[in-house]
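> Kindly return the folded structure for what I paste below:
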Amino acid sequence: MKRIALMGLALAAVLVAGVGGYWAGVRDFPVAGLRKWFGVETTFAAAELAGTGAVIYYQDPDGKPVYSITPRRAGDGRAFRAVRASEDVSFENKLSAPAEATGQAGPRRILYYRNPMGLPDTSPTPKKDSMGMDYIPVYEGEDDGGSVLRVSLGKLQRSGVRSELAARRTVGRQVRVPAMVQLDERRISVVATRSDAFVNEVASVTTGDRVTKGQVLLRLYSRDIAAAGAQFLSDLKSGGRDSAVGGARQRLENLGLPPEAIAEIERTRKVPLSMIWRAPRDGVVLERNVVDGMKAAPGDVLFRLADISTIWVLADVPEFDLGAVRLGAPVTIRVRSLPGHSLNGRVSLIYPQVGEATRATRVRIEIANPDGALLPNMYAEVEIGTGDAAPVVAVPDDAVIDTGTRQVVILDRGEGRFEPREVKVGQRGDGFTEIREGIVEGDRVVVAANFLIDAESNLKAALRGLTSPEARP
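Got it, this is the predicted structure:
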C-alpha cells in the first residue's frame, strides 16, 4: 500500500512537471484551479509567473478576491499566494477572463515600462532604476491618453476605495446662531402731554405692571386744555356755527385730549378741573416718570407702555451663512429660561445691512407670546432651516474634493477604472452636497480614498505632460 501511494505521488509530479512546462509561457493560465485539482501546493510554484519586487500582500490560493497583509492559510489548510510588486500592477488582468475565453490570440501587448517612483522616465524594454526597483509595464489599453485611470484590484482592496450612487435628495442644514428677544417696535406707546400741565394724581401703577387699554393712569390740570374746553362749551351753548364748534373741537384734539374726554364735556356741558389720561393699549409699563404734584412740560414722557403679546427675536447670522437664509424659513427658538422647551417661528425680515464690526446680518423672527414667557433682552439660541424643499442631485460631502478654485469628484466606471470629473456645487447640509453641473443622477462616485485616486490621476497627467513625445515609446 505504501509503495502504491509513492508511485501515485511520483506520477502526479511527472504530470505536473509536464503541464508546468507547457503553460510556463502562458500568462493568464489558471494555476490556482490546477492546484485544487491535483492537491499539490509546492509543485506548481514553477508554473506560476515569477514575480519581482517585495511581497505586498497575499491572495487566496484559488484566486478568489480575498487578500491578507500577512501570511495566511485558507480553510483547507493551503497557504495564501504571495503577490509581489510587479504582479500587482496588472492584477486586474489576472482576475479578468483569460485570453482563451475572450477570443484573443494571446496576452496583451506591453507598450512600454514606466518609472516605479513616478518620475517622467519610460523605457521600451524592462529595466531597473537607480535603487534596483523594476520599471512597471504599461499594457495596451491602459494608457489611453484620456482622463480614465486604471487601478489594480489589489490596490483597491488595500486602500479601501468605496463608492456610492448620486441620487436626488433634499439638501438642507441648520444655521445655529445666538439671538436676543426684543420688543415689537410697532407695539410701544408713550403717554405725554402737548402743553404745560400739573399732575394732580397718579394711579397706583408702577414699572412692570400690566395695564389694559382704557385703564386710568393719571389726572392732570392744563391751563391750555381748560381754555380750549371753555371755548368749546361756549360755542355749543350759543348754538354757534358748525365751523366754530368744529374748530374748538379740533383745538382740544390738537392738545392731546382723548376723544372720550371730549365726548364727556359735550355730554355734561362742563369742563372738569382735571383731565383723565388713560392707557392707549394693553401692555406692560416699561417706564413711569411721573409723581403726584409735578409739573409736566410739553412732550415729557410720563409713561412708556409695550404690548408683549407678539415679540421679536433678533438673530445675528454670519455673512458666509447669509446666502442660505431665506424669508419664511422655519426657525426653532430655545431660551435659557425655558429648558427643554422650544418655540417655532419663521423668518419675517432680513435686515439690509451687514454689521461692520461683527460681519453679521440681523434676521428678525416674529413669534406670539400670549403667556408673556418671553421678556425683552432675553438670550436665545435659534436654528434656521435652509435649503429648498425640492430634491436635487446630491452626493456625500466626502465625495467632493475641493481645491479652493475648483471642485472634483471621482467617477467609478467599474472594473478598476476611475475618471476625475469637475463639478459645480450648490448647497451643503446633512452630510450631502448639491451637484448642479458635472454629473447626473445614477452616476457612481467614490466616497472613500478618493484623494489617493485623484493623486494618481494628477500624477498620470503630469507624466503625460512632462514626457516629451520623442521619449514616449
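> isn't M294 right next to N200, touching?
No. In this structure, M294 is not within contact of N200 by Cβ atoms under 8 Å, at 10.1 Å. In short, each C-beta sits where N, CA and C put it, glycine included.
> This protein: helices as residue ranges?
With DSSP state H as the criterion, the chain has helices at 2-23, 31-38, 85-89, 91-95, 99-102, 153-159, 223-237, 242-254, 259-268, 450-466.
> Now do the contacts for the closest residue to V191 other than its chain neighbours.
Nearest residue to V191 in three dimensions, chain neighbours excluded: F303, at 4.0 Å (Cβ to Cβ, 6 or more residues apart in numbering). Contacts for F303 (Cβ atoms under 8 Å, 6 or more residues apart in numbering) come out as V190, V191, V205, L217, L218, A279, V285, E287, R288, N289, V290.
> List only buried entries from those residues.
The neighbour-count criterion (16 or more other Cβ atoms under 10 Å) marks V191, V205, L217, L218, A279, V285, R288, V290 among these as buried.
> if we take these, which one ends up nearest to R168?
V285 (55.9 Å; Cβ to Cβ).
> Could you pull up the residues touching the closest one?
So V285 contacts V205, T206, T207, G208, D209, R210, V211, F303, R304, L305 (Cβ under 8 Å, 6+ apart).
> which residue packs closest to it, ignoring adjacent ones?
Leaving aside its chain neighbours, V285 sits nearest to D209 (4.9 Å; criterion: Cβ to Cβ, 6+ apart).
> P280 too?
Using Cβ to Cβ, 6+ apart, the nearest residue to P280 is S189, at 4.7 Å.
> before we move on, what about I225?
L255 (5.2 Å).
> Is the one you found in contact with S195, as I believe?
Yes. If you go by Cβ under 8 Å, L255 and S195 touch, sitting 5.5 Å apart.
> Mutual contacts of those two, please.
S222, D224, I225.
> Just among the residues you listed, which is most surrounded?
I225 (25 neighbours; other Cβ atoms under 10 Å).
> May I see the buried residues of stretch 189-205?
S189, V191, A192, T193, S195, A197, V199, V202, A203, V205.
> how close does the spatially most distant residue from the centre of the chain sit to R428?
The centre of the chain is farthest from one residue, S238, which by Cα atoms, centre = their mean lies 78.8 Å away. With distances taken as Cβ to Cβ, to the nearest Å, S238 is found 80 Å from R428.
> Which pLDDT does the model give the nearest residue to Q182 once chain neighbours are set aside?
Nearest residue to Q182, sequence neighbours excluded (Cβ to Cβ, 6+ apart): W312, at 4.6 Å. With respect to pLDDT, W312 scores 95.
> wait, what's in contact with W312?
With Cβ under 8 Å, 6+ apart, W312 has these contacts: V181, Q182, L183, D184, E185, R364, I365, E366.
> if we take these, which one ends up nearest to A449?
Closest to A449, out of all of these and judged by Cβ to Cβ, is I365, at 43.5 Å.
> Quick check: pLDDT value at the closest one.
pLDDT at I365 comes out at 95.
> beta partners of it?
Note on I365: beta-bridge partners by DSSP bridges are V313, V347.
> Quickly note the distance from it to I311.
On the measure of Cβ to Cβ, I365 and I311 end up 9 Å apart.
> for D292, same thing?
Applying Cβ to Cβ to D292 and I311 gives a distance of 33 Å.
> May I have the phi/psi pair for the residue lying closest to L338 once chain neighbours are set aside?
If the residues on either side of it in the chain are set aside, L338 comes closest to A373, at 6.4 Å by Cβ to Cβ, 6+ apart. Phi and psi for A373, reported as degrees, to the nearest 10, are phi -70, psi -30.
> My read is that A373 contacts I333, right?
No. Contact criterion Cβ under 8 Å: A373 and I333 do not qualify, at 11.2 Å.
> Compare these two (neighbour count), which wins?
Ranked by neighbour count (other Cβ under 10 Å), A373 and I333 place I333 first, with 22 against 15.
> For the closest residue to G426 other than its chain neighbours, give me its contacts.
Excluding the flanking residues, the one nearest G426 by Cβ to Cβ, 6+ apart is E434, at 3.5 Å. Residues in contact with E434, defined by Cβ under 8 Å, 6+ apart, are V171, V392, V393, A394, V425, G426, Q427, R428.
> ok, now A226?
Counted by Cβ under 8 Å, 6+ apart, A226 has contacts V271, L273.
> Look up the closest residue to G431, ignoring the ones flanking it.
D397 (5.7 Å).
> State the distance from that neighbour to T170.
15 Å.
> R406 too?
26 Å.
> Of those two, which one has the most company?
Neighbour comparison, R406 and T170: the larger count goes to T170, with 16 against 10 (by other Cβ under 10 Å).
> tell me the pLDDT at the more buried one?
For T170, pLDDT reads 80.
> so where is the stretch 201-350 of the chain shaky, pLDDT-wise?
240-243 (pLDDT under 70).
> quick one, strands of it?
210-211, 216-221, 275-278, 283-288, 295-296, 301-306, 310-318, 330-335, 343-354 (DSSP state E, counting those that start in this stretch).
> export those strands to TSV and tack on distance to D412?
Below are these laid out as TSV (distance: least, Cβ to Cβ, whole Å):
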stretch	distance to D412
strand 210-211	67
strand 216-221	76
strand 275-278	77
strand 283-288	64
strand 295-296	81
strand 301-306	62
strand 310-318	36
strand 330-335	37
strand 343-354	40
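> Which of those strands sits closest to T125?
Nearest to T125, of the strands of the stretch 201-350 of the chain and by Cβ to Cβ, is strand 310-318 at 61.4 Å.
> could you give the angle of the closest one to strand 343-354?
Interaxial angle of strand 310-318 relative to strand 343-354 (axes from the mean of the first three to the mean of the last three Cα atoms, to 10 degrees): 50 degrees.
> Strand 310-318 vs strand 330-335, what angle?
100 degrees.
> May I have strand 310-318 exported as CSV, CA atoms only?
Extracted C-alpha coordinates of strand 310-318, given in CSV (Å, rounded to 0.1, in the frame of the first residue of the first chain):
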residue,chain,number,x,y,z
THR,A,310,-46.1,89.4,20.0
ILE,A,311,-42.4,89.6,20.4
TRP,A,312,-39.3,89.8,18.1
VAL,A,313,-36.3,87.5,18.2
LEU,A,314,-33.3,89.2,16.5
ALA,A,315,-30.6,86.7,15.4
ASP,A,316,-27.2,87.7,14.1
VAL,A,317,-26.4,85.5,11.0
PRO,A,318,-22.7,85.4,9.9
